[in-house]
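Visitor: Sequence and predicted structure are below.
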Amino acid sequence: MRSKIISELAKKIEKETNGIRDIKIMHLCGTHEDTITRYNLRSLMPKNLKLLSGPGCPVCIIPDADLQAVFHLIENANVVLTTFGDMARVPFEGKSLFYFKSKGYEVKIVYSIFDALEIAKRSDKPVVHFGIGFETTMPSTALAILDGIENFYVFSSHRFFVPAINHLLSSNIKIDGFINPGHVSTIVGVKAYEKIEIPQVIAGFEPEDVMLAVYQLVKSIKNGENKVFNEYKRAVTYEGNVKAQIVMNEVFEREDWDWRGLGLVKDSGGKIRKKYEEYDALKVFEDIFSNFEIKKDPKKRACRCGDVLKGLIEPLECPLFNKVCNPKNPVGPCMVSVEGTCNIWARLGGC
Amino acid sequence: MCLAIIGKVESIEYPFATVNFKGTKKKVRIDLIEDLKIGEYVLVHVGFAIQKVDSREVEQYNEIWENVINSLQ
């Protein structure tokens, strides 16, 4: 059944693109890249249709400055640090959070921020959660803060994703349509994208979802329809998860923050509001951060992760890809995270 | 990171629910889901339910896709 659906959609995409100009479609979620590469969907695309990978991996887009700040915190304050597994493997100057764990620092990997809350309840020490992720993850961090555990703090590296789409459109990268991130969309809803003037399809993560999204995008691009279609109706509504939006906006405000690859993205930073600053690690440990200085990692000089995130190059165009930089020895975060395009291509054989 | 998995709600002890992911059971937070009932499907991301999923779409997946393909003919 599945192969029949996919091959039917491949034929329809072929027919719709016959004789039209070259078009570029960018997806905006690491899980979409996983689906596209795992099922080799690029091999089903016509020559005049390019499927690009965008900045949809939350671990990948966090700039080194955030990681350095967290390193600085655990080196200088007696805290327990919790975070998700992928983040703990991102290197800076050859060190990662796993390196610090191996040296005896209390770094704990959690599946959920609620596991971090349980650690805080059992600990006499301050517990700082390195909070990463887009709108999909931010509501859980907001809920954890609202739980009000007194020795629990968050170092927020959260970023709002929707402003990044506008940022991409204002850059010099020519994109004809976007496959919007399915799980971010469960929170923000269809309405969040309505003012973005480019063809978009919110898509699920099965290969048939992606193929249907591409088919719809090709039709929209041909017809000049700058609309957003919702292919992922089984999980995404027009309004999104309003309760989640309320808690997220209660705890976080927006600031202009840096993204790896994209640079400064207006209104994308998930800053913890002053009202909740007693849970904000940046505020609580401000003395520790007073002498913190941002450095550049010379080991990453040749890393093209930023260009991969912008869709400017594919992993194979990076001189380090699958040579010195591989999933066992990643140089940049695009090779670290299981949602990073370089990691996915290295594991599953992208082309 | 943004990976989310669909599971079926087996029991509710607010603000938690036990969700069955094809045999693997996990306790997840459900604070952000309105009117969740036992037997419904939820999408779970990093230990919390982010949205209800249409049960019909989960249970009649193949049939729905057959209809999609037919509608495009």
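Guide: That came through, no problem. Numbers count the residues shown, from 1 in each chain, chains lettered A, B, ... in the order given.
Visitor: got the residues of chain B near chain A?
Guide: Contact residues, chain B versus chain A (Cβ under 8 Å from any Cβ of the partner chain): B:1-4, B:28-29, B:31-34, B:43, B:45-48, B:50-51, B:53-54, B:57-58, B:62, B:65-66, B:68-69, B:72. In short, each C-beta sits where N, CA and C put it, glycine included.
Visitor: Please repeat the previous calculation with a cut-off of 6 Å.
Guide: Taking Cβ under 6 Å from any Cβ of the partner chain, the part of chain B that reaches chain A is made up of B:1-4, B:29, B:31-32, B:43, B:45-48, B:50-51, B:53-54, B:57, B:62, B:65, B:69.
Visitor: For the residue of the stretch 201-350 of chain A found nearest chain B, list the residues it contacts.
Guide: Chain B sits closest to residue A:234 of the stretch 201-350 of chain A, with a gap of 3.8 Å, by Cβ to the nearest Cβ. Taking Cβ atoms under 6 Å, 6 or more residues apart in numbering or on different chains, we find residue A:234 in contact with B:53, B:54, B:57.
Visitor: in the sheet, who's paired with the first one?
Guide: So the one you mean is residue B:53. residue B:41 (DSSP bridges).
Visitor: and the next element down the chain from whichever helix or strand residue A:215 is part of?
Guide: Residue A:215 belongs to helix A:207-223 when assigned by DSSP states H and E. As assigned by DSSP H and E, the chain's next helix or strand after helix A:207-223 is strand A:228-230.
Visitor: Just the C-alphas of the helix or strand just after that next one, formatted as CSV.
Guide: As assigned by DSSP H and E, the chain's next helix or strand after strand A:228-230 is helix A:242-251. Coordinates of each C-alpha in helix A:242-251 appear next as CSV, following Å, rounded to 0.1, in the frame of the first residue of the first chain:
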residue,chain,number,x,y,z
VAL,A,242,-3.8,27.3,22.5
LYS,A,243,-3.1,26.1,26.1
ALA,A,244,0.5,25.4,25.1
GLN,A,245,0.8,28.9,23.4
ILE,A,246,-0.6,30.5,26.6
VAL,A,247,2.0,28.9,29.0
MET,A,248,4.8,29.5,26.4
ASN,A,249,4.0,33.2,26.1
GLU,A,250,3.5,33.5,29.9
VAL,A,251,7.0,32.4,30.6
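Visitor: Can you tell me what sits against helix A:242-251?
Guide: Taking Cβ under 6 Å, 6+ apart as the rule, helix A:242-251 contacts A:138, A:139, A:142, A:143, A:145, A:187, A:276, B:32.
Visitor: Identify the residues contacting the fourth one.
Guide: Contacts for residue A:143 were tallied using Cβ under 6 Å, 6+ apart; they are A:247, B:31.
Visitor: Okay, and it sits in which element?
Guide: With DSSP H and E as criterion, residue A:143 is part of helix A:138-146.
Visitor: what angle do that helix and helix A:242-251 make?
Guide: 60 degrees (axes from the mean of the first three to the mean of the last three Cα atoms, to 10 degrees).
Visitor: Of all the residues in helix A:138-146, which ones are buried?
Guide: For helix A:138-146, a neighbour-count test (16 or more other Cβ atoms under 10 Å in any protein chain shown) marks A:138, A:139, A:140, A:141, A:142, A:143, A:144, A:145 as buried.
Visitor: Centre of the chain to it, how far?
Guide: 18 Å (Cα atoms, centre = their mean, to the nearest Å).
Visitor: same thing with stretch A:67-83?
Guide: For stretch A:67-83, the distance to the chain centre is 22 Å (Cα atoms, centre = their mean).
Visitor: Endpoints of stretch A:18-32, how far apart?
Guide: This stretch, stretch A:18-32, spans 25 Å end to end (Cα to Cα, to the nearest Å).
Visitor: Give me the mean pLDDT for that stretch.
Guide: Mean per-residue pLDDT for stretch A:18-32: 95.
Visitor: Return the distance of that stretch from the chain's centre.
Guide: For stretch A:18-32 - counting by Cα atoms, centre = their mean - the centre lies 18 Å from the chain centre.
Visitor: Identify the residue nearest the residue in chain B that chain A sits nearest to in space, chain neighbours excluded?
Guide: Chain A sits closest to residue B:47 of chain B, with a gap of 2.5 Å, by Cβ to the nearest Cβ. Spatial nearest neighbour of residue B:47, chain neighbours left out: residue A:112 (2.5 Å); criterion: Cβ to Cβ, 6 or more residues apart in numbering or on different chains.
Visitor: re earlier: max pairwise distance over the contacts of helix A:242-251: which two?
Guide: Of all pairs drawn from the contacts of helix A:242-251, the widest gap by Cβ to Cβ lies between A:187 and A:276 and measures 19.3 Å.
Visitor: neighbour count winner among these two?
Guide: Ranked by neighbour count (other Cβ atoms under 10 Å in any protein chain shown), residue A:187 and residue A:276 place residue A:187 first, with 27 against 17.
Visitor: ok, and for the lengthiest helix in chain B, which residues are buried?
Guide: With DSSP state H setting the assignment, residue counts place helix B:61-71 as the longest helix in chain B. Judged by neighbour count (16+ other Cβ under 10 Å), helix B:61-71 contains these buried residues: B:65, B:69.
Visitor: tell me the angle of it relative to helix A:207-223?
Guide: 20 degrees.
Visitor: CA atoms of helix B:61-71 as CSV?
Guide: Extracted C-alpha coordinates of helix B:61-71, given in CSV (Å, rounded to 0.1, in the frame of the first residue of the first chain):
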residue,chain,number,x,y,z
TYR,B,61,-4.7,5.1,7.8
ASN,B,62,-4.6,2.9,4.7
GLU,B,63,-8.2,3.6,3.8
ILE,B,64,-7.7,7.4,4.1
TRP,B,65,-4.6,7.3,1.9
GLU,B,66,-6.5,5.3,-0.7
ASN,B,67,-9.1,8.0,-0.8
VAL,B,68,-6.4,10.7,-1.1
ILE,B,69,-4.9,9.0,-4.1
ASN,B,70,-8.4,8.5,-5.7
SER,B,71,-9.3,12.1,-5.2
